[in-house]
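> only geometry, no sequence info:
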C-alpha cells in the first residue's frame, strides 16, 4: 500500500472565511436576525499539516465601539455570542481570527449582522385589512400608505408580513427578491416577518408604500379535502417602514387606520388553480399618481392580532433560483401549442407576447407529463394549474404570475401565436452543499432527479408534491428523506423552522399531525414513521450540523411523541391495531389501495417505537439529562425484547415475511441473537431474488434496503437492486425519461400511460432517500461525529462501477471522497477540511486509518479486478446470483412465453432456490405443466455464439 499527501508546499494558516450567524451565511449582511445572541461559525480554508485550532478572537464593532473577546478553544461551529446581547435593530460588524499555540491567522473579512424586531413591543404597526374589497372570490387588493421625508435618507428598513401572500413596492419599485412571502408556517402559532434594507428605494419628499395581497396558504384552497380559508377569511398586511435621515431622526410609516386599499389587476389567485390577470386594469404606481385621488379606493380596518406570534426567519426565503429556456414548441394532436422545458420543475411560465388585441385572452395550462401527446392533467386531481391574462393591446408585454406556482415540465399556451417562453424556477434558496458522481450514467441522472425533486418540494415547507391539490408538509416523507436533504443542501434553518412548527402543532397528548403545518386538524393523529419525524429529523440535523441547541429545543417534542407511542403500545410495549399508513405505496399495493402493503403495520409501528426511544435516549444524553437518557434507553431495550418475542421466530423469520420488516429489524438492532440476524439477512436476500432483483418496498422500507443488504454481507445484491432498470426500480423512471423522482415506482406505466391511482405525482422525493446511501456507502462520505468533525470514509466499490465520488460542504469546509478502478488498481482520494479528521477504511483492508486535514491518496490492488469471471452454479440461487446466466435464463423464458419478465420468473423459482441449477427449467415450468417448457429448455441450453 502507498499513501501520500499531495501538498506540494506547506500551506500557511489562512484567515477564517464563510462566517455564519446561526445558520445564515454572512456573505452579505444578515439583516433582521431573530436572536439577540447569534451564534457564530467559520471555516479555515488551509493550514499547516500540524495545525489544530487552540484559540480564537472575535472582534465586535457596534455603534463605533470595538470590543475584543478571546477564548482558548478549538470550537469554530455555532460558537456562543461572546458580547452583550444585541438590541432590536442594532447592527454589529464582526471579525474573527484563529490560532494554534504558536501563531495567529489574519483577520477574516468583516461580516455584518443586524437584529430584527425582537419582541411585540418593538412593533408600532398594526395589522390592516381592506374594508370593502378583497373578499374571497374578489380581485387581489393593494393596501397603500405614504410618508414625507424632510431630509437626506441614510438608512431605511421595512419590516413586513401578511395574512396571505404579500408583495411590497416603494415608489413603484419592488421590495426584495423574495417570492411567496411571508411563506407558510403554523400561522395560529408562528407568523414570520421579513426585514428589508430599502435604503435605495426611499427618497426625500413623498414616498408611497404599496402592498399587494394574495390568498396563498392563508386563505386559498389548501389540502386535498377542498378547504378554503383554513387560517382566516380576511387578507391583511403588517408593515413598519423606519427611515433614518441625515439629522439622526427616525421617521416611521406604519400600517394603521389611515391606509387605503384598492383592487389590483389580479382578478383571481390561488396556489392550486393559478392566477388570472386583466391587464386592462391599470393598478400601477404611475397611474395612481396621475389620477390622484385614486378612484376605487376604500378604507382599511385595523384587526386585532397577537404580535407576540411574530418570528424572524431561520432559513432563506423562496426566491427565483433559475430560469430555463424552452426546449421545444410543438403542436399536439388537438392542435394545441405545447412547450417542453426539458425538466420537471416548480415555478411558472414567463411569456413575452406581442401583437395581440385588447381583450385577447391568453391561457397557460401546466402538467408534469404528456399522455397521448397531450397534457397529462389527471394527476393534478382538482387543481386547475392555469394562468390567464387579458391583454390591454398590441404592445409587447411580459406576462408572469406573482401569487401562485406550479409543478410542471410542459405548458399549453392558447390565445397567442407570437411569443417567447421561459420557465422561472422557484424554491427556498438553499445553498447547495452536496454532490455525487459515478461511472454509471443512469445513476447520475437519478441523483440529478433527486436534487430537482428536492428543489421543487422545498418551497418554504418540505412538501410531498408541488403540483396537485395537496402540496402538504407530510411528516413521513421528510422523515425518510432528511439525511439526503441535509447532505445535498444546507437545510439547518429550513428544517429547524419546520420543526418549530411541528412542536407548536403537536397535540397535548404528544400526537404528531400527519402534515406540518397541520391543515388536516384531526385529533389523535398518531401513525408510525410519520410521527417519528419528531425524533428522527432533529437527530439527523444534529448529526449533520452539530447544532446541540436545536436538539435541546426539540427534546420536549421528541419525548412527547415517544410517550404517546408507548401509551398506545400499552404494558406489552407492542404498538398494535389502529390506523397506520404502513409501508406506504408498496409496489404490490393496488393503485386504488396504497395502504395494502405486504409489511405488517404492527411490526412497523413497534419497530419505530424502539428506534425513536433510542434516539430520545441519545438526545437526552447530549442535552445532559442523564435520568431521561436512562429512562428512554431502558424503554428502547424493553421494546426490542417485546418485538423479538412477538414478531421474530427463533430462526430469524420476521412476521409478514416482507423485505421492509427484515430491513427494519436488521438496521435497528431488533434481532437480539446473532444467528437470528444471519438468517434474517439471508431471508432478505432471498426476497430480493424472488422479486427478480426489483424493489419491493414502499416509503418506510426503501431507505433501509441497500444498507440492510450491504451490512449483512450482500453488497453485490445491494448494487444489483440499486442499478436495476426493470419496473419497479429506482432507475426505471430514468429509462422512461423522468427528470424528478416519482411518487410511485410506476407513476408512468411501461406503455407510456399514467398510473390510474390517485397518488400519481411525478415529483415526490421520498423514494429518492436512497441517495443517502450513494453518499455514505457508494462514495463513502459520512459523518462520524456531529457536524462532521470526524468524517467516516468507508467506500463500498463494486465491479458494476469503475468510479464514484461525493463532495460535501461540511460545517468545517469541503470534504470529498473519490475512488476509481483502472488497470488492476484502485485509487482512493480523500480531502479533509481544516478542523476535522477522518477515519478511512481503504477497500480490501480491515482497519481504519486516521488522517488529519489535507488531501490524501491511497493506491491498492483492485479487489474487484477479476470479479464476475466464474459461471459455475450448483444451485438455482447461485445461478440467479450470476447475472449473465440469469439474464440468459430470463431471455429464454420470455421468448418461450414461460414468464413475462424476470420478476415473474423469479417468483416461480422462489421455492426452489436450493434445488440443483440443472433443474431450473423444471422449477420454472412446474415440472412441465406450464406451456412452453420444451422451447424454454431448448432456448436456454443452446450455447451462446
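It's in. Note that the structure is a prediction, hence the values are computed from the model and not measured. Numbers count the residues shown, from 1 in each chain.
> what's the nearest residue to residue 820 if we skip its chain neighbours?
Distances taken as C-beta to C-beta, 6 or more residues apart in numbering place residue 803 nearest to residue 820, at 4.2 Å, with adjacent residues excluded. Every residue, glycine included, has its C-beta placed from N, CA and C.
> is it true that that neighbour touches residue 827?
No - look at residue 803 against residue 827 with C-beta atoms under 8 Å: they stay out of range, at 9.2 Å.
> anything in contact with each of the two?
819-820 (C-beta atoms under 8 Å, 6 or more residues apart in numbering).
> and the helices in the stretch 201-350 of the chain?
Counting by DSSP state H, counting those that start in this stretch, the stretch 201-350 of the chain has helices at residues 216-219, 285-291.
> surely residue 284 and residue 169 touch.
No - the criterion here is C-beta under 8 Å, and residue 284 misses it with residue 169 at 9.5 Å.
> who has more neighbours out of the two?
Ranked by neighbour count (other C-beta atoms under 10 Å), residue 284 and residue 169 place residue 169 first, with 18 against 14.
> so the closest residue to the more buried one other than its chain neighbours bridges to which residues?
Residue nearest to residue 169 in three dimensions, not counting chain neighbours: residue 210, with 4.8 Å by C-beta to C-beta, 6+ apart. Assessed by DSSP bridges, residue 210 has beta-bridge partners residue 144, residue 169.
> who are the contact partners of residue 210?
So residue 210 contacts 142-144, 168-170, 285 (C-beta under 8 Å, 6+ apart).
> from the residues you listed, pick the one nearest residue 316.
The nearest member of the contacts of residue 210 to residue 316, counting by C-beta to C-beta, is residue 168 at 18.1 Å.
> and the closest one, what does it touch?
Contacts of residue 168 (C-beta under 8 Å, 6+ apart): 158, 160, 174-176, 196, 209-212, 239.
> just the buried residues of these.
158, 160, 175-176, 196, 209-212, 239 (16 or more other C-beta atoms under 10 Å).
> now, which of the residues you listed sits nearest residue 184?
The nearest one, if we look at the buried ones among the contacts of residue 168 relative to residue 184 and count by C-beta to C-beta, is residue 160, at 16.2 Å.
> strand partners (parallel or antiparallel) of whichever strand or helix holds that closest one?
In this structure, residue 160 sits in strand 153-163 according to DSSP states H and E. Strand 153-163 sits in its sheet next to strand 194-197 (antiparallel), strand 236-245 (antiparallel), going by DSSP bridges.
> the helices in the stretch 751-900 of the chain, which residues?
With DSSP H, counting those that start in this stretch as the criterion, the stretch 751-900 of the chain has helices spanning 771-773, 876-881, 883-896.
> residue 650 is nearest to which of those?
Closest among the helices of the stretch 751-900 of the chain, using C-beta to C-beta: helix 876-881, at 22.9 Å.
> how far does the closest one sit from the chain's center?
From the chain centre to the centre of helix 876-881 is a distance of 39 Å (C-alpha atoms, centre = their mean, to the nearest Å).
> model confidence for the residue nearest to residue 169, exactly?
Reported pLDDT at residue 210 in the predicted model: 98.
> again with residue 942
Per-residue pLDDT puts residue 942 at 80.
> number of residues surrounding it?
10.
> residues touching residue 714, list them.
By C-beta under 8 Å, 6+ apart, the neighbours of residue 714 are 681, 684-685.
> let me fix that, I meant to ask about residue 428.
Counting by C-beta under 8 Å, 6+ apart, residue 428 has contacts 315-319, 458-460, 494.
> what's the distance between it and residue 138?
30 Å (C-beta to C-beta, to the nearest Å).
> strands along the stretch 401-550 of the chain, start to end?
Here the stretch 401-550 of the chain has its strands, by DSSP state E, counting those that start in this stretch, at 406-414, 419-428, 434-438, 458-459, 461-462.
> out of these, nearest to residue 820?
strand 434-438 (10.4 Å).
> buried residues in the closest one, which are they?
For strand 434-438, a neighbour-count test (16+ other C-beta under 10 Å) marks 434-438 as buried.
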